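Asks: Dropping the sequence and predicted coords here.
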Amino acid sequence: MTVNTATPDYIVDGVLTDGEAWVPLGTATPSSANVTFTSSTGANDWSQYMDLVIIGYARSVGTGTWKDITTTFNNDAGFSYQNQHLYGNGSSAGAGVTNPQYTGLAYIAGAGATANVFSAVVYNIFDINSGKYKYVYTNSAAEGGNPDTIWTETGTWESQAAITEIDLTTPSGFAAGSRFDLFGVLPRMVTA
Amino acid sequence: MAVIEAIETVYLELDTASVTFDSLSGYEHLQIRVSGRHNSAGSGGRTIYLRFNGDTGSNYSSESIQGYNGANTGADRYAGQAYVYAGGRLTGPLTPAAENYGVSIINIPDYANANKNTSMNQMSGTTLGYSSGTFTWFGGSVWDNTAALTSVLLYPEAGSFVRGTTISLYGIKSS
């Protein structure tokens, strides 16, 4: 895991300057079943961001052609999440709602998928420091096997707390070569 | 040189009928990110409408797929509308919990090109809705006009945006 705790480039001598709206915060190359991103200091102090984005490229060591990744915020393992998903499996489309102990469900290729096939996963996490319930929108696709799964989901964490930790978990573990990159998305308040 | 710049974030401190962005120049692509709620009495989820360059003519067409209210799926097309229909999704008064704001990402590529119609896509969703109020939605739209975009108007299908709604505009540059 690498974490960017440097003084933000967009603060020069204490003055905010224009810069990249997406700030790279950390990269995880997991060798186990869990990825944890945690707010800390400098650029990785999440209190300065409007949204967070995670871009993943991953594969599971679990059996089958696909495996799931679940998301929790701030170590909340209660039934505090609501989800509406939409998916396709190569021959039909479906949808559903769930109220599990996680959100941000995504699917990645499993050990039964074609060798060297990894899956693209994108998480958009909105307004992370507001007093609103927290939303995550995921897009993922587990290709390279039969059945395949393409999955998009809107998830809500029923909490008004600021997000300070994100845990991504897949049951059997991530395959070597998997990676997740976390970005902070800055707002820009314009004075008329 | 920054590749992705935050152009403007609008945080609504009062209920507001619409939001307009009109400082768009200098980028290749635009992205709008919304965390929003509306106040139209008696309704839950509602759509975000968009108009470009103040055009109120029937020059917009939209298509989308949805997963909604549990196991339901759907697809639809709205042609010749006076607004972008598939602009995103908002929660509303019937959505349980006032803290629940729907989310949307709207991508508008090559918006400054004056030789092509403007197309966009959006991803959005709401949860915890009443009856048909939960949505996961993917849509695409086109404005039948080759003019370069100079302004983008966003407004709820009914009512106003609620206080606390945030709408941010980002510009993406090329090399």
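Replies: Noted; the coordinates are in hand.

Asks: Count the neighbours of residue 175 for me.
Replies: You didn't pick a chain, so chain A it is. Each residue near A:Ala175 was counted by other C-beta atoms under 10 Å in any protein chain shown, and the total is 21. C-betas here are computed from N, CA, C, even on glycine.

Asks: oops, chain B please
Replies: Under the neighbour criterion other C-beta under 10 Å, B:Ser175 is assigned a count of 5.

Asks: what do you get for A:Val190?
Replies: A:Val190 sits with 12 neighbouring residues when counted by other C-beta under 10 Å.

Asks: Strands along chain B, start to end?
Replies: B:4-11, B:19-21, B:29-36, B:46-52, B:60-68, B:72-81, B:89-90, B:102-109, B:118-126, B:135-143, B:152-156, B:166-172 (DSSP state E).

Asks: out of the ones you listed, nearest to A:Phe183?
Replies: Set against A:Phe183 and scored by C-beta to C-beta, those come closest in strand B:4-11, at 9.4 Å.

Asks: what's the angle from that closest one to strand B:152-156?
Replies: Strand B:4-11 and strand B:152-156 are oriented at 40 degrees to each other (axes from the mean of the first three to the mean of the last three C-alpha atoms, to 10 degrees).

Asks: How far does strand B:4-11 sit from its chain's centre?
Replies: Relative to the chain's own centre, strand B:4-11 is displaced by 15 Å; criterion: C-alpha atoms, centre = their mean, to the nearest Å.

Asks: A:Ala120 touches A:Arg59, doesn't it?
Replies: No: A:Ala120 is beyond contact range of A:Arg59, at 11.0 Å (criterion: C-beta atoms under 8 Å).

Asks: Neighbour count: these two, which is higher?
Replies: When A:Ala120 is set against A:Arg59 and neighbours are counted by other C-beta under 10 Å, the residue ahead is A:Arg59, at 25 against 15.

Asks: Disregarding residues adjacent in the polypeptide, which is nearest to that one?
Replies: Using C-beta to C-beta, 6 or more residues apart in numbering or on different chains and skipping the chain neighbours, the partner closest in space to A:Arg59 is A:Ala175 (4.1 Å).

Asks: and A:Gln82, what helix or strand is that in?
Replies: Using DSSP states H and E, A:Gln82 sits within strand A:81-88.

Asks: Could you list the paired strands of that strand along with their orientation?
Replies: Strands flanking strand A:81-88 in the sheet, each with its direction: strand A:93-98 (antiparallel), strand A:149-157 (antiparallel) (DSSP bridges).

Asks: Please convert these to a markdown table, extending it with mean neighbour count and mean pLDDT.
Replies: Compiled in a markdown table, these are given as follows (neighbours: other C-beta atoms under 10 Å in any protein chain shown; pLDDT from 0 to 100):
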| stretch | mean neighbour count | mean pLDDT |
| --- | --- | --- |
| strand A:93-98 | 17 | 94 |
| strand A:149-157 | 25 | 96 |
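
Asks: List the beta-bridge partners for B:Leu153.
Replies: Per DSSP bridges, residues listed as beta-bridge partners of B:Leu153: B:Thr20, B:Arg51.

Asks: ok, how many other residues are close to residue 90?
Replies: Since you didn't name a chain, this refers to chain A. 11.

Asks: oops, I was thinking of chain B
Replies: A count of nearby residues for B:Leu90, using other C-beta under 10 Å, gives 33.

Asks: Quickly note the distance from it to chain A.
Replies: Distance of B:Leu90 to chain A, given as C-beta to the nearest C-beta, to the nearest Å: 12 Å.

Asks: Just give me the neighbour total for B:Arg51.
Replies: Other residues near B:Arg51 come to 22 when the count uses other C-beta under 10 Å.

Asks: oh sorry, the question was meant for A:Thr7
Replies: Here the count is done by other C-beta under 10 Å, and A:Thr7 has 10 residues near it.

Asks: Is it in a helix, a strand, or coil?
Replies: Using DSSP: H, G, I helix; E, B strand; the rest coil as the criterion, the local structure at A:Thr7 reads coil.

Asks: Tell me how far the closest residue in space to it that isn't next to it in sequence lies from chain B.
Replies: Of all residues not flanking A:Thr7 in the chain, A:Gly42 sits nearest, at 5.7 Å (C-beta to C-beta, 6+ apart). Noted for A:Gly42: a distance of 19 Å to chain B, by C-beta to the nearest C-beta.

Asks: follow-up on the earlier one: can I get the strands paired with strand A:81-88 in CSV including distance to A:Thr169?
Replies: Below are the strands paired with strand A:81-88 laid out as CSV (distance: least, C-beta to C-beta, whole Å):
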stretch, distance to A:Thr169
strand A:93-98, 16
strand A:149-157, 14
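
Asks: can you tell me which of those comes nearest to A:Arg179?
Replies: A:Arg179 lies closest, by C-beta to C-beta, to one member of those: strand A:149-157, at 19.5 Å.

Asks: How far off centre is that closest one?
Replies: Here the centre of strand A:149-157 is set off from its chain's centre by 11 Å, with C-alpha atoms, centre = their mean.

Asks: picking up where we left off before, okay, the strands of chain B, which one's buried deepest?
Replies: Mean neighbour count, computed with mean count of other C-beta atoms under 10 Å in any protein chain shown, is highest for strand B:89-90 among these, reaching a mean of 32.

Asks: pLDDT value on residue 111, please?
Replies: If you meant another chain, say so; for now it's chain A. With respect to pLDDT, A:Ala111 has a value of 94.

Asks: not quite, I wanted chain B
Replies: The per-residue pLDDT reported for B:Tyr111 equals 97.
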